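> make a model of this:
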Amino acid sequence: MARTLVADHYQNTSVSEPAEDNQNTSVSEPAEDIHIDQPNNHAMDFEEILKAMKSKTAAIWETGLQRSVEFCKHHNIKTKTLVTDRHVQIKKWVRENMEDTTHAFDVWHVAKGMKKKLFALSKEKDCSDVSPWTKSMVNHLYWTAASSPNLNEDLVLAKWQSISNRILNVHDGHSTLFPSCQHDELEGRERHKRWLKPGSKVYEKLQDIINSKQMTKDIPMLSSGQQTSELEGFHSVDNHFASKMIGFSFHGMLSRQWLAAMHFNENSNRDHAYTQDGKARYRIVYAKYKKGEHTNM
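Purely as a prediction, here's the structure:
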């Protein structure tokens, strides 16, 4: 195991997420755990762990988090908020060992899991009507988190469950905490999707997803601010220095992690690019996994 501090800036928020467990090497198979400092957007610490030390991937993730937390404590760094994916073992460890830290879930990971379930449902017989609603439900999930900055868990859950009425063209009478929708009356192209019918097969199956035990537990923990998007950016940089297609020794992987961290910290807060006319410049990418959707870069 190796440890390094790669940033000297810190506020009070940490974003952590286990790296992919297939970041393998031919000899030692190290995995990593990275902490991103927000809003400075710097990688503070990463942990290199020999996979041979832990037989299960979940154990590697938990060990990496433990070591990073100890690293922060050693440097008198207090973690006010910890944003992770919704791994059960990590959730349990944070609950038992970080009582003074608010643990929140990254919205993108929750939305990703829900999209998979909605896509699978749309392939079932008589359930294709859910397909046009997939993007709207993902947007509703993001809005649920973003519009609830104080982490009022009951209100967050009430907002999310209101989608059960909205897809039926019912926009009031949702619940005591969230009685009605906040949007204006829908007109024209805003109503181009077909409303679902109560009692139909697709609606009942959709209800099972919306009100599932997992979603009921995870929705109130959604982060309204900090997300793990910067960490995903670091993983992209990491792949340039340590490709998953090539095996490295432990020290070979470690040196590449150092380079990736320094490169990320040096360039993470660069000024936005502008055209000669003074307009912000963007690059639109249509990634294959987006299935026709685009990403602004």
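
> for the stretch 151-297 of the chain, just list every one of the strands.
284-285, 295-296 (DSSP state E, counting those that start in this stretch).

> any stretches of the stretch 101-250 of the chain with poor pLDDT?
Flagging of the stretch 101-250 of the chain using pLDDT under 70 yields the residue ranges 151, 188-191.

> if we can go back for a sec, out of the strands of the stretch 151-297 of the chain, flag the one nearest D129.
Closest to D129 of the strands of the stretch 151-297 of the chain, according to CB to CB: strand 295-296, at 27.4 Å. For the C-beta atoms, the positions are set from N, CA and C on the backbone; glycine is no exception.

> quick one on the thing from earlier: go through the strands of the stretch 151-297 of the chain and name the closest to I210.
In terms of CB to CB, the element of these nearest to I210 is strand 295-296, at 26.7 Å.

> what strands line up against that closest one, and which way round?
Looking at strand 295-296 with DSSP bridges, its paired strands and their directions are strand 284-285 (antiparallel).

> tabulate the strands of the stretch 151-297 of the chain (CSV), appending distance to H183, mean pLDDT and mean neighbour count.
Formatted as CSV, those follow (distance: least, CB to CB, whole Å; pLDDT from 0 to 100; neighbours: other CB atoms under 10 Å):
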stretch, distance to H183, mean pLDDT, mean neighbour count
strand 284-285, 27, 84, 9
strand 295-296, 24, 74, 9
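
> which among these is found nearest to F178?
Nearest to F178 among the strands of the stretch 151-297 of the chain is strand 295-296 (30.9 Å), distances taken as CB to CB.

> hey, C-alpha coordinates of stretch 112-119 in PDB?
Presented in PDB, the C-alpha positions along stretch 112-119 are these (Å, rounded to 0.1, in the frame of the first residue of the first chain):
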ATOM      1  CA  LYS A 112     -28.000   5.100 -13.900                       C
ATOM      2  CA  GLY A 113     -29.500   2.200 -12.000                       C
ATOM      3  CA  MET A 114     -33.000   3.400 -12.500                       C
ATOM      4  CA  LYS A 115     -32.500   3.900 -16.200                       C
ATOM      5  CA  LYS A 116     -31.400   0.300 -16.600                       C
ATOM      6  CA  LYS A 117     -34.600  -0.900 -14.900                       C
ATOM      7  CA  LEU A 118     -36.800   1.400 -17.000                       C
ATOM      8  CA  PHE A 119     -35.000   0.200 -20.200                       C
END
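
> follow-up on the earlier one: for the strands of the stretch 151-297 of the chain, which one sits closest to R95?
With respect to R95, and counting by CB to CB, the nearest of these is strand 295-296 at 34.0 Å.

> picking that back up, right, and the strands of the stretch 151-297 of the chain - which one's nearest M137?
Between M137 and these, the tightest spacing by CB to CB is seen for strand 295-296, at 19.6 Å.

> can you tell me what sits against that closest one?
By CB atoms under 8 Å, 6 or more residues apart in numbering, the list of residues contacting strand 295-296 from outside reads 282-287.

> how about the helix or strand hosting C72 as PDB, C-alpha atoms only?
Per DSSP states H and E: C72 is located in helix 57-74. Extracted in PDB, the C-alpha atoms of helix 57-74 (Å, rounded to 0.1, in the frame of the first residue of the first chain):
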ATOM      1  CA  THR A  57     -13.800  -6.200  -4.300                       C
ATOM      2  CA  ALA A  58     -16.200  -4.800  -1.700                       C
ATOM      3  CA  ALA A  59     -13.500  -5.300   1.000                       C
ATOM      4  CA  ILE A  60     -11.000  -3.400  -1.100                       C
ATOM      5  CA  TRP A  61     -13.400  -0.400  -1.400                       C
ATOM      6  CA  GLU A  62     -14.000  -0.400   2.300                       C
ATOM      7  CA  THR A  63     -10.300  -0.700   3.100                       C
ATOM      8  CA  GLY A  64      -9.500   2.200   0.800                       C
ATOM      9  CA  LEU A  65     -12.100   4.400   2.400                       C
ATOM     10  CA  GLN A  66     -10.900   3.600   5.900                       C
ATOM     11  CA  ARG A  67      -7.300   4.500   5.000                       C
ATOM     12  CA  SER A  68      -8.400   7.800   3.400                       C
ATOM     13  CA  VAL A  69     -10.400   8.700   6.400                       C
ATOM     14  CA  GLU A  70      -7.500   8.000   8.700                       C
ATOM     15  CA  PHE A  71      -5.300  10.100   6.400                       C
ATOM     16  CA  CYS A  72      -7.700  13.000   6.800                       C
ATOM     17  CA  LYS A  73      -7.800  12.600  10.500                       C
ATOM     18  CA  HIS A  74      -4.000  12.500  10.700                       C
END
